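> prediction below, plus the sequence it came from.
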Amino acid sequence: MLASFPHMNFFEQQDHARRQSRTLVMLFALAVLAIVLAVNLALALLFIWVQGQPLSGAHSYPKGFFATNTLVTLGLIAGGTMIELFNLRDGGDAVARMAGGTVVAPNTADVRERRLLNVVEEMALASGIACPSVYVLARETSINAFAAGYNANEAVIAVTQGALTRLTRDELQGVIGHEFSHILNGDMRLNVRLIGVLFGIQMIAGFGRHLMSFGWQTVDAGERNGKGTPLHMAIWVVGGTLFVIGYVGIFFGRVIKSALSRQREFLADASAIQFTRNPDGLGNALRKIGGLTRRGGADAQIRHPNAEQLSHLFLNAVRPGLLATHPPLRERLRRIYGRDVALLDVPEAVDASTVFSAAPERLPDLPYVAAGLADGEPDMQAASAAIAQTAAHAYGDGAPEGARLAPEIDQAVREPHAATALVYALLLLRSTAQNDRSAVLSSHLPQQAGQVTALLLALKQLPGHARLPLLDLAMPALRQLTLAERAPLLANVTRLIAADQRISLDEFVLQTVLTRRLDMHAGRAVPVRFLSLPELQHESAVLFSLTAHVMASLLHQPAVSLFMRAAMACPQLTLSERDLLAAHALDFGIVKAALDRSNQLAPLAKPVLIKAMLAMVGEPAAIPLLAADLLRAMCAALDAPMPPRVAEVYAASGWPDV
C-alpha cells in the first residue's frame with residue numbers, strides 16, 4: 001500500500017539526485033584517500049621486507065618514495081575514471097552496449113519486441129518526453145531491466161530476454177514504469193557518472209592483476225632458463241599486494257552504490273505504481289524475480305562480465321548480499337502490498353499468442369506525469385516514493401495498440417529516413433507558404449518529395465492534438481541518424497521555415513522540440529548554473545512575453561494583462577508592464593537563448609517558471625491547443641514533462657483511430 005508515502009514532485013527528486021552527486025564526490029574522495037593510504041602502507045612494508053630490515057624501529061625510504069606512490073595511485077584512479085567516462089560519452093547507448101544489449105528496431109516484426117516497444121511508447125506519450133530507444137539483453141534469461149543516459153533526450157531502456165519472455169504485458173508495464181521513474185527523477189545521469197567513478201577506484205586491482213601476470217610469466221621463464229631474478233619475484237609480490245588492496249576499491253564501490261541506490265529504488269517502485277495504477281504489474285514482476293532467485297541457477301542473475309560494474313542500474317540486485325545495491329526484495333514487496341506476499345513460480349515463457357492481452361481488470365488508461373505544478377509552492381517536507389501527482393486522463397494503450405495509424409505514418413515513426421520525411425511533412429502541414437516550401441523541398445531533397453507528399457495527405461486526416469506527439473514516437477528512429485545526418489535535417493528545417501521570411505507558432509514549436517532533442521548537444525548533461533529565478537530576470541521576461549502574445553490572440557485578452565498575471569505568479573521577479581517585449585522582437589534566436597539558459601536552472605526553480613506561464617490561462621479554463629503545443633515545446637526545452645493541464649489537452653480526445 002502507498003498510503004505511507006506522501007507525494008513529492010519529480011523536480012524535488014531531480015534536486016535530490018543533484019545533491020546526491022555531491023555525496024558521490026565526497027564518498028569518492030574518501031575511497032581515494034583510503035586506497036592511497038593502503039597502497040603506501042603496503043609498499044612501505046614490502047620495501048622493509050625486501051631490504052631485510054626489522055619491522056620495528058625507524059626506517060629510511062628512498063627520496064620521493066611516498067610522493068611517487070601517491071601520484072601513481074592517483075594517476076591510475078583519475079585515468080581510469082576519465083577513460084571510462086570518455087567511453088560512455090554516447091550516454092545510454094554506450095551503457096546498453098556495455099551490458100551486451102542489441103537495439104530493438106522501431107519497425108521490428110517480432111511480436112514480443114513489438115509489445116515492448118508499445119509499452120515504452122505509451123509511457124513516453126503519457127509523460128510527454130521523447131520516446132527512449134529500447135535494447136534487449138538477448139543472452140540474459142533472468143528478469144531485469146535498466147534505464148541509462150545523461151538526460152531524457154538520449155535515454156535508453158534495456159530489458160533482459162527473460163523479462164521479454166516471462167512477463168505478462170501488465171508486469172512488463174510495471175517494470176517500464178519503474179525505469180521511466182529513473183529517467184524523470186534524474187537518476188540516470190548520476191548512475192552513468194557512478195560507472196566511471198567506480199571504474200577508476202577499482203583500477204588498482206586491475207593494475208595489480210596485470211603486474212602479477214607479468215611477474216609470474218617472467219619468473220616462470222627465468223626458472224626455465226636458469227635466469228630468474230629477485231626483481232621478477234618482487235614484481236609478482238607487488239602485483240599481488242596491489243590486487244589485494246584493489247579490493248579496498250571494490251569494497252568502497254559497493255558501499256557507494258549501496259548508499260546512493262537503495263532509497264531511490266523504493267521511490268521508483270512507488271512511482272511505477274502511480275504510472276500504471278496497478279500494483280500487481282510491478283508487484284508480480286518482483287514476485288517472479290523472487291521465484292527465480294529462490295530456484296537459483298543461471299536464471300537468477302545477470303551473467304555478463306560487466307554486471308557488477310552496472311549493478312546499480314538494474315531493476316533488481318545483480319548479486320545479493322550485505323552491500324547489495326537494492327533493498328531486499330521482500331521489503332520492496334511489503335511496501336507495495338502492505339503485507340508479506342508469496343513469491344511466484346516463473347514459466348519459461350508467456351504464450352506468445354497472448355502477449356498483447358491484459359489482465360481482466362486492467363485499467364483503461366495511464367496517468368500523466370504531473371510536473372509538480374499544483375497550487376502553492378513545492379512541498380519541501382515530503383520524503384516520498386512518488387515522482388509526481390497523477391492526472392485523470394491519458395492515451396489509454398498509447399498509439400501502437402489502442403489505435404491504428406495510417407500505414408504511411410506508422411512506417412514513418414519507425415524508420416529513420418522516413419521519419420525525416422515526417423518532419424518535413426509536419427512543417428508543410430499548416431504552412432501558408434506551401435508553394436515556396438515545396439519548391440525548397442524539391443530543390444534540396446528531390447528524392448523525398450514524393451514521400452513527403454504522401455505523408456502530408458495522411459497527416460491531414462489526423463486531428464490537431466495528435467500531430468505534435470508523433471515527434472515523440474519518432475524520436476527512437478530519428479536518434480538512429482548519425483550526427484552527420486542530423487545536421488542536414490536541422491538545416492533543412494531552418495531552410496523550410498525561412499522560405500516565407502517569417503516563423504509561425506507551429507514552426508517555432510517544431511523547431512524547438514527538434515533542436516533540443518536532436519542537435520549535437522542534446523545528449524549532454526546540462527549543468528546547473530542558476531539557483532533561483534531572479535538570476536534569469538531577462539530570460540523570464542522573454543518567455544513570459546512570447547506566451548502572453550500567443551495567449552492574447554487565442555484568449556482575446558490584452559497581452560500586457562496576461563504578462564502581468566505571470567509576473568504576479570513569480571513575486572521573486574521584479575517584472576513590470578515595461579518588461580513585456582514586443583512580438584516582433586521575439587525571434588527564434590532570442591527565445592532559444594532564453595530557453596537554453598533557463599534549462600540551467602536548479603530543478604526546484606523550473607516548476608515556478610512553468611507554473612507562471614500556466615497562470616495566464618485562468619482556472620478552470622481549458623488551454624487552447626496551440627497554447628498547449630507552445631507549453632509542451634517549452635517543457636521539452638527545459639527537460640521537463642508536461643504539467644497535467646497541458647497533458648489533458650492531448651488526452652481529452654484520446655489517440656485518433658485513422
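It's in.
> tell me how far the residue positioned nearest the centre of the chain lies from Leu267.
The geometric centre of the chain, computed from its C-alpha atoms, lies nearest to Ile183 (Cα atoms, centre = their mean), at 3.6 Å. Plainly put, Ile183 is 13 Å away from Leu267 if you go by Cβ to Cβ, to the nearest Å. All C-beta atoms are positioned from the backbone trio N, CA, C, and that covers glycine.
> mean confidence score for stretch 113-130?
The average pLDDT within stretch 113-130 is 86.
> just the CA trace of that stretch, in CSV.
Only the C-alpha atoms of stretch 113-130 are listed here, as CSV (Å, rounded to 0.1, in the frame of the first residue of the first chain):
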residue,chain,number,x,y,z
GLU,A,113,9.7,-6.9,-29.1
ARG,A,114,6.6,-5.1,-30.6
ARG,A,115,4.9,-5.4,-27.3
LEU,A,116,7.9,-4.0,-25.5
LEU,A,117,8.0,-1.0,-27.9
ASN,A,118,4.3,-0.4,-27.4
VAL,A,119,4.6,-0.2,-23.7
VAL,A,120,7.6,2.2,-23.9
GLU,A,121,5.8,4.3,-26.4
GLU,A,122,2.6,4.6,-24.4
MET,A,123,4.7,5.6,-21.3
ALA,A,124,6.5,8.3,-23.4
LEU,A,125,3.2,9.7,-24.6
ALA,A,126,1.8,9.7,-21.1
SER,A,127,4.8,11.6,-19.7
GLY,A,128,5.4,13.9,-22.6
ILE,A,129,9.1,13.1,-23.0
ALA,A,130,10.9,11.8,-26.1
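> quick one: it to chain centroid distance?
Distance of stretch 113-130 from the chain centroid (Cα atoms, centre = their mean, to the nearest Å) equals 14 Å.
> now do stretch 513-529
That offset, for stretch 513-529, works out to 13 Å (Cα atoms, centre = their mean).
> so which elements touch the host helix or strand of the residue nearest to the centre of the chain?
Ile183 belongs to helix 169-185 when assigned by DSSP states H and E. When contacts are defined as 3 or more Cβ pairs under 8 Å, 6 or more residues apart in numbering; DSSP states H and E, helix 169-185 packs onto helix 10-51, helix 111-127, strand 145-148, strand 156-160, helix 161-166, helix 187-201, helix 230-276, helix 279-295.
> recalculate using a threshold of 7 Å.
Taking 3 or more Cβ pairs under 7 Å, 6 or more residues apart in numbering; DSSP states H and E as contact, the helices and strands that helix 169-185 lies on are helix 10-51, helix 111-127, strand 145-148, helix 230-276, helix 279-295.
> and those: which comes nearest His326?
Closest to His326 of the helices and strands packed on helix 169-185, according to Cβ to Cβ: helix 230-276, at 5.2 Å.
> okay, the angle between the closest one and helix 279-295?
Per axes from the mean of the first three to the mean of the last three Cα atoms, to 10 degrees, the angle that helix 230-276 makes with helix 279-295 is 150 degrees.
> by contact count, what packs against helix 230-276?
The contact analysis (3+ Cβ pairs under 7 Å, 6+ apart) places helix 230-276 against helix 10-51, helix 169-185, helix 187-201, helix 203-225, helix 279-295, helix 329-337.
> still on that earlier bit, what's the most buried one of the helices and strands packed on helix 169-185?
strand 145-148 (a mean of 29; mean count of other Cβ atoms under 10 Å).
> contacts for it next, please.
Defining contact as Cβ atoms under 7 Å, 6 or more residues apart in numbering, one finds that strand 145-148 is touched by 92, 95-96, 155-160, 163, 175, 179, 182-183, 188, 191-192, 313-315.
> got the CA coordinates for that strand in CSV?
The C-alpha trace of strand 145-148 is given here as CSV (Å, rounded to 0.1, in the frame of the first residue of the first chain):
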residue,chain,number,x,y,z
ALA,A,145,15.9,-4.1,-16.8
PHE,A,146,17.6,-0.7,-16.6
ALA,A,147,17.4,2.9,-17.9
ALA,A,148,20.5,4.8,-18.8
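> relative to Leu554, which of the helices and strands packed on helix 230-276 is closest?
Nearest to Leu554, of all the helices and strands packed on helix 230-276, is helix 10-51, at 27.2 Å by Cβ to Cβ.
> mind checking the pLDDT average for the closest one?
For helix 10-51, mean pLDDT rounds to 72.
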